[in-house]
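> Got a sequence here, can you build the structure:
(one chain, ligands or ions: 1)
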Amino acid sequence: VSELLDRYRAAAAACDDRVVGSPRRTPAQVFARLAEVAEELGLTQLDRYAEHGAVELLEREVAELFGRPAAVFFPTGTAAQQSALRVWCERRGSRRVALPDLAHQLHHEEDGPRLLHGFRFEPLTTGWQTPTVADLDAVADPERLGAIQLELPLREAGCVLPTWEELVELSDRARALGVPLHVDGARIWESQPHLDHTLAEIGALTDSLYVSFYKGLGALSGAAVVCDEDVAAELRVWRKRHGATPYALSPYAVDALRGLREELPYVGDWVAWARALADALVARGLRTTPVHTNTFLVAAEADPDTVTERVLEHLARTGVVASLPWRPAQAPGTALTEVVVARPALAHDPETVAEWYATFTA
Ligand SMILES: Cc1ncc(COP(=O)(O)O)c(C=O)c1O
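Numbering: from 1, shown residues only. You can find the predicted model right below:
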């Protein structure tokens, strides 16, 4: 299987034309564009330990987008979220954090949040569902939680979102309990069209909101936490303690500023294209998770490795990366893949792509 994945990665990395993911960029293209954007932005100095320069500009822009007083840039979302939860838990005198059991911290952070911070995670939901107020009410002693975390969208469940009303209810209940609401908004840009409210209206529901610059926005790396000034000051201390305040972060911040300008205005088009593809897939007998963002899961009754082999054959023949690798789903004889729609997909017709997927899984 890993030999197949290696072949997939090597073949996909050599292809410019793709249906899934952000545009391919060579290192030289990335660095050349950084220089151009730095000039366009009129930057005259590098940041120093995340102060001044592009980092300051990015933090101001992001805070403004979400209508909040402050934003703190982090090189990774992992450090950003551990810092945010630590700030709340210190203030609250409780290490209990309620979150969906599919949260990033529980699956992709090598147990760091527990080992480094002693968080006690309690499941708000189990599996492919987004939390509601009823789930929060079912947590023991909710008023003694250190923080509540939502993930918008819930990535491991196919990037599904609550309704706006459910989100407002959760925010109201967290406030009534006096428990800070932290949002994992790694894909919040991609969630905005479905929530159908402005980023500032979304930001107003949260006490801290983490955003990522390298998923939909396609930047090199990087994250920010949007919050109040006093929280931001504490976050900067925890960022230092994490060893996550290097001498200069400008390349990441400049690429994030580029992503906000070049990609963010088009996210709505990606979501619409994703919906069109999902409809065309369902019409051909494949199954999908509900399409709330630019990303969803597709399932078919097929052997995952066989499907991935067909994707590779198609790639060799046409030069198009039509899909990500397929993996076994939690149902016998079922293959699953994640479809991530960004700028490159828009050059393709969703009906044609759906036809390819039907052939791969036949
Ligand atoms: C939902 C979610 N939260 C947090 C993270 C962590 O971000 P980073 O890779 O910047 O540490 C990711 C990254 O994939 C993510 O998908």
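
> quick one: the helices in the stretch 151-300 of the chain?
164-177, 188-195, 199-203, 229-241, 250-262, 267-283 (DSSP state H, counting those that start in this stretch).

> Touching, I188 and A200? I think so.
No - with the criterion set as CB atoms under 8 Å, I188 and A200 do not qualify as a contacting pair; they are 11.9 Å apart. From N, CA and C alone the C-beta is placed, and that goes for glycine too.

> Have a look at the two and say which one is more surrounded.
Between I188 and A200, counted using other CB atoms under 10 Å, I188 has the larger neighbour count: 26 against 12.

> How about that one, nearest residue that isn't a chain neighbour?
The shortest distance from I188 to any residue that is not its chain neighbour, by CB to CB, 6 or more residues apart in numbering, is 5.4 Å, and that residue is V211.

> which residues pair with that neighbour across the strands?
Partner residues in beta bridges with V211, using DSSP bridges, are G185, A224.

> check contacts around it.
V211 sits next to 62, 66, 185-186, 188-189, 223-226 when contact means CB atoms under 8 Å, 6 or more residues apart in numbering.

> Repeat that for G218.
Contacts of G218 were listed using CB under 8 Å, 6+ apart, and they are 22-23, 259, 263, 342-343.

> can you give me phi and psi for it?
Here is the backbone geometry of G218 (degrees, to the nearest 10): phi 70, psi 20.

> tell me which element the residue lying closest to it once chain neighbours are set aside falls in.
For G218, ignoring the flanking residues on the chain, the nearest one in space by CB to CB, 6+ apart is S22 at 3.6 Å. For S22, there is no enclosing helix or strand under DSSP states H and E.

> S22 and R343 touch, don't they?
Yes - taking contacts as CB under 8 Å, S22 lies within contact range of R343: 7.0 Å.

> Quickly list what's touching both of these two.
Common neighbours of S22 and R343, counting by CB under 8 Å, 6+ apart, are 218, 263.

> Now D228: closest residue in space that isn't a chain neighbour?
Using CB to CB, 6+ apart and skipping residues adjacent in sequence, the residue nearest D228 is P69, 5.4 Å away.

> Can you list phi and psi of the one you found for me?
With angles defined as degrees, to the nearest 10, P69 sits at phi -70, psi -30.
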